[in-house]
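Trainee: Model the structure of this input:
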Amino acid sequence: TYNGARGGSLNSPGGLAVASAGATTLLYVADRGANRVVAHNIAAITNGQDAGTVLGPFDGGATEPLFDVECAGDMGAIGMQNPSGIAIDTVRRRLFVGDDLNYRVLVFDLDTSFKPVNNVADAVIGQVNLRQCISPQSPTGASFGFVRDLAIDSDAGRLFVSDSSFRRVLVFDVSAPTLASGMAATGVLGQVDFTSSVQATSQARFNGPQGLAYDSAQNRLFVSDTGSNRVLTFKVASITNGQDAGAVIGQSDFVSSFTGSGATRLFRPEGLAFDPAANRLFVVDRENNRVMVFNVATDVNGADAGAVF
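Mentor: Alright, predicted model coming up:
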């Protein structure tokens, strides 16, 4: 229960991502309180085991993080503040880390075992280069407010980023063999363009998007619209800026935002995970202290949960 930052401990863990290669299965964890990302080999698990990989600034012994590192100079390529969502492109072998309070997404190249080639980011999205961590005053297609979660479409090479400050989800084309820092988004959900940040509870707007999950079989993106107590489903085989959601979970229609604790209600939902084998969506229902499980083989507004944890 040590609340520190050594190799076998975590300090307010956040997003997770898993990738497997041969006998190695790596679990990446955003260790928010320690401003780092750690990876454990979970092919076999020992309780309390040390992380085998750590990304973030460390002292000379690589045992303790340097918490007060400004995002400037060479430290900008390794420094993190409240890392949030994590996504792994298993086709191009890249790790994306939502560096929330530095208003950016860091990109790390991975080897054939899905381990980082080194602990220095290879590119950045949301800033023009790795030396800057500027908080944008207004939305653009190449900047973020707070980065809450990530999802990846490895087949097409698309990265989805929930930008809660500007009430939108940005879509980036990350299919190129080499990524250039400062790239612009190719699409946006929740807004009609890249310079708007309208807040609303409607079929095409958000009130605080956070968790993301992607269904590759049906080309669907699930977005937890936390402020409106719901999860929206978008068909994203192709994307039109500001397009309508196809379905809603947690509400019976697209204009309601009721709280509740029944089988059809959510109260500030956050993290999402999708099980493609059984078409199940897992939803962290934060204020109800539970995880809801929905059958999403077909899209039904206001669907009942099939199970709860």
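Trainee: do you know how far the residue nearest to F114 when sequence neighbours are not counted is from G227?
Mentor: Distances taken as Cβ to Cβ, 6 or more residues apart in numbering put A19 closest to F114, at 4.0 Å, once the chain neighbours are dropped. Yep, even glycine has a C-beta here, placed from its N, CA and C like the rest. From A19 across to G227, the span is 32 Å (Cβ to Cβ, to the nearest Å).
Trainee: which helices and strands sit right next to the lowest-mean-pLDDT helix or strand in the chain?
Mentor: One helix or strand of the chain scores below all others by mean pLDDT, DSSP states H and E: strand 53-55, with a mean of 87. When contacts are defined as 3 or more Cβ pairs under 8 Å, 6 or more residues apart in numbering; DSSP states H and E, strand 53-55 packs onto strand 36-41.
Trainee: Could I get the average pLDDT for the strand it packs on?
Mentor: What strand 36-41 shows for mean pLDDT is 91.
Trainee: Just the residues contacting that strand, thanks.
Mentor: Applying Cβ atoms under 8 Å, 6 or more residues apart in numbering, the contact partners of strand 36-41 are 5, 7, 10, 24-31, 49, 51-56, 65, 80, 83, 86, 95, 97, 115-116.
Trainee: CA atoms of that strand as CSV?
Mentor: C-alpha atoms of strand 36-41 as CSV (Å, rounded to 0.1, in the frame of the first residue of the first chain):
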residue,chain,number,x,y,z
ARG,A,36,5.2,8.7,-15.4
VAL,A,37,4.2,5.6,-17.4
VAL,A,38,5.2,2.2,-16.3
ALA,A,39,5.0,-1.2,-18.0
HIS,A,40,4.7,-4.6,-16.5
ASN,A,41,5.2,-8.0,-18.2
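Trainee: what's the offset of that strand from the middle of its chain?
Mentor: Offset of strand 36-41 from its chain centre (Cα atoms, centre = their mean, to the nearest Å): 16 Å.
Trainee: and what of stretch 193-211?
Mentor: Centroid displacement of stretch 193-211 relative to its chain, using Cα atoms, centre = their mean, is 17 Å.
Trainee: Flag every buried residue along that stretch.
Mentor: F194, S196, T201, A204, R205, F206, N207, G208, P209, Q210, G211 (16 or more other Cβ atoms under 10 Å).
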